[in-house]
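>>> sequence below, structure please.
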Amino acid sequence: MKLYNLAIMVLFCLGILTMHTARGSVGSQIIRRSSCINLSTKELDIRGLANYENQNIPVKAVMFITKGGIKICVEPELKWVKQAIKYLDQRRVIKKTIIN
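Modelled structure (predicted):
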């Protein structure tokens, strides 16, 4: 009977240890389906962009979505990236103004 109780306690402790380890590990973090891992170095034509999303995990990046639906990740601190974001934001404001 003592061996049985000891086995149950060991299994219980292993279960607690496993849950604690998995909760804090990098592998347990949820990554969006379309997230940036590699960043493009090529400058994009602003006129071909439809939208953008900011991302901080797993890397800090801006994901541009082209009019064709292609997603391209770039370094957010580049000058042309900031200009492209400003352009897309202004275009969004103009569209809202026209609709209202």
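
>>> please make it C-alpha for all contacts and neighbour counts, starting now.
Will do.

>>> just the strands in the protein please.
49-55, 61-66, 71-74 (DSSP state E).

>>> can I get the second one in CSV, CA atoms only?
Which is strand 61-66. Output of strand 61-66 as CSV, limited to C-alpha atoms (Å, rounded to 0.1, in the frame of the first residue of the first chain):
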residue,chain,number,x,y,z
ALA,A,61,8.4,44.3,-37.6
VAL,A,62,5.8,45.9,-39.9
MET,A,63,3.9,43.5,-42.1
PHE,A,64,2.8,45.2,-45.3
ILE,A,65,-0.1,43.7,-47.2
THR,A,66,0.0,44.3,-51.0
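
>>> contacts for it?
When contacts are defined by Cα atoms under 8 Å, 6 or more residues apart in numbering, strand 61-66 is touched by residues 36, 39, 48-55, 71-76.

>>> which two in these are spaced the farthest apart?
Largest separation among those by Cα to Cα: G48 and Q55, giving 20.6 Å.

>>> and those two? which has more neighbours close in?
Q55 (16 against 12; other Cα atoms under 10 Å).
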